[in-house]
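S.K.: heads up, no residue letters with this:
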């Protein structure tokens, strides 16, 4: 049965409240409590002076109340004294300025010494609590990438990037050649001449920029591995990180390889307000429920990152404080969101946070309890959920028939070179996802490693900038319906134009002649196919111009970004060819694993 | 009788013109002439080399012509040599860059040495001219806060802020506790670790930021006091500063405590273009007259700042040069603006400036005379005003029946934490003010000290972030109609959520459960009350949810930002309960102290 | 006969391809090939180590194939080692940050040592290839001003500016007086105190800013002269620079004085997308053809810069990579653009570039050949052009009857002081140009030196901020129809308000009383004249107010910015008075020298 949990910050509250808090958590049906992340200044108030006594006490109280705990490492918030120890700790922004102390995530991932200090703290925690009977799992750090913290333009990052390049290319000649630095006389004489690709006169070399983005992602992976290496020897509990919505600057699949579970922090109303491309009418319609596909997309994405195991570490319980505008969820919507996670196979859902804090940055973020300890109205929904979860559960082994490949590197590639200003890889993939959901289809999101494509009747690959060898091989031998989307494999890994793009996969002599990008207000109608916007390819087959939708056996190539209607038509056709059952969905209603999820009316219904 | 005056820069013109200028000023009915501010490079061309001879001559000419003069201290424009003396003189912007020499206001309020040098210059002027028979008043500096100059992020400001904090909190433990720095491990070990709240990774602690804003305001007050202390011993004439429209970064009430009069610089068309939240249709309608309430609001505000005594130091006479677009006022409008000031009790109105300057930054700013010394057409209006002012005058002791509290600190608090992106305290208070004016009511604006509330039949307190003890006491014992607006007293002084907000004042068990903020395109209808936008509170009374408009005896609580119609309805109800006579106003017509002021047709009519 | 050419980068391609490339160029009718610019890292891979062998080989191959070459100096792309030699090489942006290596144009025009090194490289090339029989012409550097590279705010620029000012004003007293630095006590004691006019607290002195803009333009001229001086002794071939569209930060007329031909780089779709003030409906209509007047305007402008001789060095052949959105030109449009250039008297049109490069920044820029060496579809158009050009040619001595003065300094002046936020000199002049073209009139654009005005029946002078003595004299004695536009001569050269503006020219006592600027959504109707927007002057003649359209003999003064209809009416009237034949043009059709150019239907027709 899916567990319910909560995020708790005992260090913010009087000791006297801890026991009653724990008892009340238990009484309303919660079983998991996350603690510890952000608490560094209380665990090590001065360098070398540690105090775990309060944490010991909290853990015993939780344990005594029959609760399990998730322990977070506090590395997202090095205390102020860490800056005295490491004056170069801070990340630098793209404009070349240090990002100062005074909030959180104020460290550069290329600061190795701090990475080690943070790992030592993780090790201390692991040694002390790694075998505690109430320990449920570990969380490393908090929300990598939040507040734009993956890409640092600091002097330390510059040196680390030069080393990364030296490891990759071995010789500067090799780098010059593969970046194409003969263009504009950009050739380097040595690795230590290479700067970061910010503040250049006009755009830097795309190969340069993409390598920097790869490096930045790798630095997060290395950073995280340091903590895992410190924790693992001292515990047999799973380790995870809590990801965020639509953070794409690091490769979650790579990070996820080192951990047993994936979790994410979901704030449906905050995301609709702050991280959505939706238009005004859509935002109006769903302002109190959230985008009906956005949560599901991330559930499916992070299930893949977690190799099947995932949970929600932070679930929005009411209005948040950080979006431009912050309405309250519709009554019952927290329950719907929770059950939707269950339908997507979540192992647990934890609410953020136990009690609204009356001070500091997040004081306007709602919680399960008011600042004065009165219950918030969402507690009623949690009580109902206890009953719900006894009745329903999602088969853990449920597998969709449609696989959709998501590739972080492609996001970076098209950020580097959008060609049309508003081209965004996430949005493109998300458009395909929403189209599939409109047809009532379950979707599994797949990493770009090709390993699992054979499990699916249909596989979609939109906008993947450069297919790696394994994926190419897997797709080549794939026997289901394959839909290759616009812009797929049009580049080599080195960011050169690919001489052949998808000819091999399509098994025809397909040439991409040229590409057009259109202003957001323009569309292009192609007779017999439908309407495109944003991106349209001019294609040749055997030397003849052909329209941008090609079928060959069980393979489809779509050479443009279709509007909604055309997208549905292409996907419907694809599903029908694959023999998959389609069930068109009404506005605001979505299916997952047989469960009906209602966003429009904020209702959760069951057809199982 | 209200006096008329003009701003004059003799240093810009040949000596030969001074006498004819003075004679002409007198002949058209002007009696006051402001001089001297900005003239430092002519008063002290090199460090320690002073030249007051030209100023002596100007003053004698004005005196001889029967004019009085206002003398401004030139501290807003330290000459270039001052930067050689004080290389760290400049303020720094929020992005961490010095704000360079080459215009004006190029100093940091935390530069104590310059503050003393500026005070010494003021003292020199005071000693020389403080007892001159033609002296009317003193002006300190010029338009504090103009060009965003209150908040400096310089190294000197950092040190001064640390000292200010040390004085306020005494111990770092106290600061950590009251800021809630346990959150995100933001705890400091000493005051000298505390930076300014700019360039942080994500938002800084609101307590940190609000304290910085308080500090910045205090620095202006201290700065101004240095000049007052230098001038006062050598004169018995009043001292004032010339404030601007909608500058809220320093507490004008605190500054005003040290001075006898308040003045302000009013540019109705510039303000509508540059500092207004009005929509396009409103801007179209009033493009040649200005916003019918904006001037009145500031007249009433600065009358309070001047403890009843106030004047207009700079009145727009034609097109200005500094707004994004600069149309000319409708014919007759300068007269209307002048008489409106009289209706609000102004002691004098001075025009900016005598003659349009053909060079430098303000060459496109119109004046009473053209650059070639021809008269501008506004002189006709000034001649008419001489006749007007013989006929009309506003009772100095006129007191409105409605008091509206304005609190600068609340402006800063909601800048720090708007919760909804477009929430602005000034706009909220101004909305109430405009509603009252729509009902034909005179309004007195009141400082947040509670001292005078008992003089009013109705008192309004919208959006005041934290009621201080005196105000709480005054409002508690207030026996008139009290209207508490949205967001009032929801915080403690330390920027924590207030446990009780307005329960005590409303004499009911009122709880603020949660707050919602809405996108600008959204509204919320509440049955039986009306329509809200931007901000809506969820309230409980005795544990039951109640709609966001509550009455208890003679007290009203409005827990949201009403639209125009709902605002009028709430205010009408309030006024009727208080037994105040209401007179609904037509578009563009306003009443003040029995005078009818016409913005729509640019006419000034009298009903007295 | 107009020649066709192409831009070629042999250093990007295997040596083995050079001969076949050359042969194919020849076979499709090209005769000119530009090479060399950007190739510094291959000509001097290390400081002092030169390699011209590959270039020798390329040139011999071209020569052998019967092609002529244009040789570009590579100074726009100093190699990375140049930064080790000159660590202060980089320009600084307006925000005070160095503009880093990693793309192109990464040098400050005030770096004299690099200027000399670049000139030495030019000299080396000139000595080696200056008398080669296949040499057609020289190109200096590449696209001065592209990527906002004229105005550098570096420490070197500061010193150079101080020297420039010292040369101009001789004494600091003179500068203070002519800048009007008494205003706001901005007086300087010495030239070395003067900073650049960026990052000031509020706007800097307009005289200061205009002088800085003049200085920046002069630095480009001096820079270019260094290369000309290095090349000239070693060659008898013409030298030119390739200008861009709507780059106005340097005075092209001054630069052009030193060279025999002018060329420019024309990207009609890129310009419509990126550098146009046109509204959405216009952009929609012409998205695949480009603005029907934009190319013509620059043809006429650069013909004047080239003193009659001009060419197109880079012609868009398909989608580009650098505009926000990049559609493909309509079929046939490259032919139309080419023939239009012919109609305007171009000596040659060269396409950018030979083959699309599969790597680096411009990999998505189309070319005559695809990256895999397949021909692009535009080759068909070039083949047709070979036939066209045998049939048609434009008389080289064709002279229009209408002259329109364009003055770069005026662009800078109104950037410094727009008075209405959207006032733009280029746009104003362009509006007049478009109006003339609407009436079917050929236009010659004229420099502001007055030398050739007598050749025209009508001369237009819109918005020229300050008439110099020669131009004033020429216009005073001009006997054709003279139309003076809004804002003309309202300033002196020193950026003071002109006491007399156009009275002398209009031969009436005309006074400019005041100016109004209007929001973009506002217009003003003046009875009997028409409708104005943006800018309206209040005028007096003999002390009486008059409407802003005055005729006196054969002179017209228009004191406002007319809307399209009013513009046409004023211009029609002007042309009729001059007795010039008018032929109203339909949408998208334009006349030039008897040729009909069709943008609407992308057709090129001939009436000759």
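M.R.: Arrived safely, thanks for sending. Computed from a predicted model, the values in this text were never measured in an experiment. Numbers count the residues shown, from 1 in each chain, chains lettered A, B, ... in the order given.
S.K.: So which bits of the stretch 201-350 of chain A are right by chain C?
M.R.: A:201, A:202, A:203, A:204, A:205, A:206, A:207, A:208 (CB under 8 Å from any CB of the partner chain). In this view, the C-beta of every residue, glycine as well, is placed from N, C-alpha and C.
S.K.: which residues sit in contact with the first one?
M.R.: Put plainly, it is residue A:201. C:91, C:99, C:100, C:102, C:103, C:104, C:105, C:106, C:147, C:149 (CB atoms under 8 Å, 6 or more residues apart in numbering or on different chains).
S.K.: Using just helix, strand and coil, how would you label the fifth one?
M.R.: This points to residue C:103. coil (DSSP: H, G, I helix; E, B strand; the rest coil).
S.K.: How about the contacts made by it?
M.R.: Residues near residue C:103 by CB under 8 Å, 6+ apart: A:184, A:186, A:200, A:201, A:202, A:203, A:204, A:205, C:147, C:361.
S.K.: Touching, the second one and residue C:41? I think so.
M.R.: Yes - at 7.4 Å, residue A:186 counts as touching residue C:41 under the criterion of CB atoms under 8 Å.
S.K.: Closest residue of the stretch 251-400 of chain A to chain B?
M.R.: As assessed by CB to the nearest CB, chain B sits closest to residue A:359 within the stretch 251-400 of chain A, at 3.1 Å.
S.K.: quick one: which of the contacts of residue A:201 is nearest residue B:478?
M.R.: The closest of those to residue B:478 turns out to be residue C:99 (CB to CB; 61.9 Å).
S.K.: residue contacts, that closest one?
M.R.: By CB under 8 Å, 6+ apart, residue C:99 lies in contact with A:199, A:200, A:201, C:90, C:91, C:92, C:93, C:106, C:149, C:152.
S.K.: picking that back up, give me the neighbour count for the residue nearest to the residue of the stretch 251-400 of chain A closest to chain B when sequence neighbours are not counted.
M.R.: Excluding the flanking residues, the one nearest residue A:359 by CB to CB, 6 or more residues apart in numbering or on different chains is residue B:180, at 3.1 Å. Counted with other CB atoms under 10 Å in any protein chain shown, residues neighbouring residue B:180 total 24.
S.K.: Phi, psi for residue B:180 please.
M.R.: For residue B:180, the backbone dihedrals (degrees, to the nearest 10) come out as phi 70, psi 40.
S.K.: need the contact list for it.
M.R.: A:12, A:357, A:359, A:360, B:205, B:207, B:496.
S.K.: my guess is the second one meets residue B:183, correct?
M.R.: To tie it back to what came earlier, the one meant is residue A:357. Yes - Residue A:357 lies in contact with residue B:183 (CB under 8 Å); the separation is 6.7 Å.
S.K.: Quick check: residues of the stretch 1-150 of chain A near chain B?
M.R.: A:11-12, A:38-42, A:45-46, A:74, A:77-81, A:83-84, A:91, A:95, A:97-106, A:146-147, A:149.
S.K.: now the strands: where do they sit in the stretch 151-300 of chain A?
M.R.: Using DSSP state E, counting those that start in this stretch, the strands of the stretch 151-300 of chain A run over A:239-240, A:242-243, A:262-266.
S.K.: ok, the first one: who's next to it in the sheet?
M.R.: Same thing as strand A:239-240. Taking DSSP bridges as the criterion, strand A:239-240 sits next to strand A:135-139 (parallel) in its sheet.
S.K.: The partner strand vs strand A:262-266, what angle?
M.R.: 80 degrees (axes from the mean of the first three to the mean of the last three CA atoms, to 10 degrees).
S.K.: rewinding a little: which residues are in contact with each of residue A:357 and residue B:183?
M.R.: Common contacts of residue A:357 and residue B:183 (CB under 8 Å, 6+ apart): residue A:12.
S.K.: List the contacts of the strand of greatest length in chain A.
M.R.: For chain A, the strand that runs over the most residues, judged by DSSP state E, is strand A:530-541. For strand A:530-541, the external contacting residues (CB under 8 Å, 6+ apart) are A:419-420, A:422-423, A:486-487, A:508-518, A:520, A:522-526, A:545-548, A:550, A:557, A:559-563, A:565-566, A:569-570, C:328.
S.K.: Keep only those of those that are in helices.
M.R.: Mapping the contacts of strand A:530-541 onto helices (DSSP state H) picks out A:565, A:566, A:569, A:570.
S.K.: the inter-axis angle of the longest helix anywhere in chain A versus strand A:135-139?
M.R.: Using DSSP H to define each element, chain A has its longest helix at helix A:206-231. With the same axes, to 10 degrees as the basis, helix A:206-231 and strand A:135-139 are set at 150 degrees to each other.
S.K.: chain center to helix A:206-231: distance?
M.R.: Put simply, helix A:206-231 sits 15 Å off its chain's centre (CA atoms, centre = their mean, to the nearest Å).
S.K.: Average pLDDT for that helix, rounded please.
M.R.: Average pLDDT, helix A:206-231: 98.
S.K.: Equivalent analysis for stretch A:242-254, please.
M.R.: Here stretch A:242-254 scores 98 as its mean pLDDT.
S.K.: Report pLDDT for the closest residue to chain C within chain A.
M.R.: Across chain A, no residue is closer to chain C than residue A:180, which sits at 3.1 Å (CB to the nearest CB). If you check residue A:180, the pLDDT there is 98.
S.K.: do the one 10 residues further on as well
M.R.: If you check residue A:190, the pLDDT there is 98.
S.K.: Reformat the strands of the stretch 151-300 of chain A as TSV; add distance to residue C:120 and mean neighbour count.
M.R.: TSV is the format used below for those (distance: least, CB to CB, whole Å; neighbours: other CB atoms under 10 Å in any protein chain shown):
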stretch	distance to residue C:120	mean neighbour count
strand A:239-240	62	22
strand A:242-243	56	26
strand A:262-266	60	26
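S.K.: Can you tell me which of the ones you listed is nearest to residue C:385?
M.R.: strand A:242-243 (56.9 Å).
S.K.: Mind listing the strands that closest one pairs with, and their directions?
M.R.: strand A:262-266 (parallel).
S.K.: The nearest residue to residue A:76 once chain neighbours are set aside sits in which helix or strand?
M.R.: Once flanking residues are discounted, residue A:76 sits nearest to residue A:142: 4.1 Å by CB to CB, 6+ apart. In the assignment (DSSP states H and E), residue A:142 maps to no helix and no strand.
S.K.: any idea how far residue A:142 is from residue A:303?
M.R.: 21 Å (CB to CB, to the nearest Å).
S.K.: got it, and residue A:254?
M.R.: 16 Å.
S.K.: Between these two, which has more neighbouring residues?
M.R.: Higher neighbour count among residue A:254 and residue A:303: residue A:303, with 20 against 17, using other CB under 10 Å.
S.K.: which ones are touching that one?
M.R.: By CB under 8 Å, 6+ apart, the neighbours of residue A:303 are A:262, A:309, A:310, A:344, A:345, A:444, A:445.
S.K.: Make TSV from the residues you listed and add secondary structure and pLDDT to it.
M.R.: Compiled in TSV, the contacts of residue A:303 are given as follows (DSSP: H, G, I helix; E, B strand; the rest coil; pLDDT from 0 to 100):
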residue	secondary structure	pLDDT
A:262	strand	98
A:309	coil	97
A:310	strand	98
A:344	coil	96
A:345	coil	96
A:444	strand	98
A:445	strand	98
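S.K.: Can you tell me which of these has the most neighbours?
M.R.: residue A:310 (28 neighbours).
S.K.: That one and residue A:260 touch, don't they?
M.R.: No - between residue A:310 and residue A:260 there is no contact under CB under 8 Å: 10.3 Å.
S.K.: Which residues are in contact with the spatially closest residue to residue A:267 that is not a sequence neighbour?
M.R.: Nearest residue to residue A:267 in three dimensions, chain neighbours excluded: residue A:316, at 4.2 Å (CB to CB, 6+ apart). Applying CB under 8 Å, 6+ apart to residue A:316 gives the contacts A:266, A:267, A:268, A:269, A:270, A:329, A:334, A:337, A:352.
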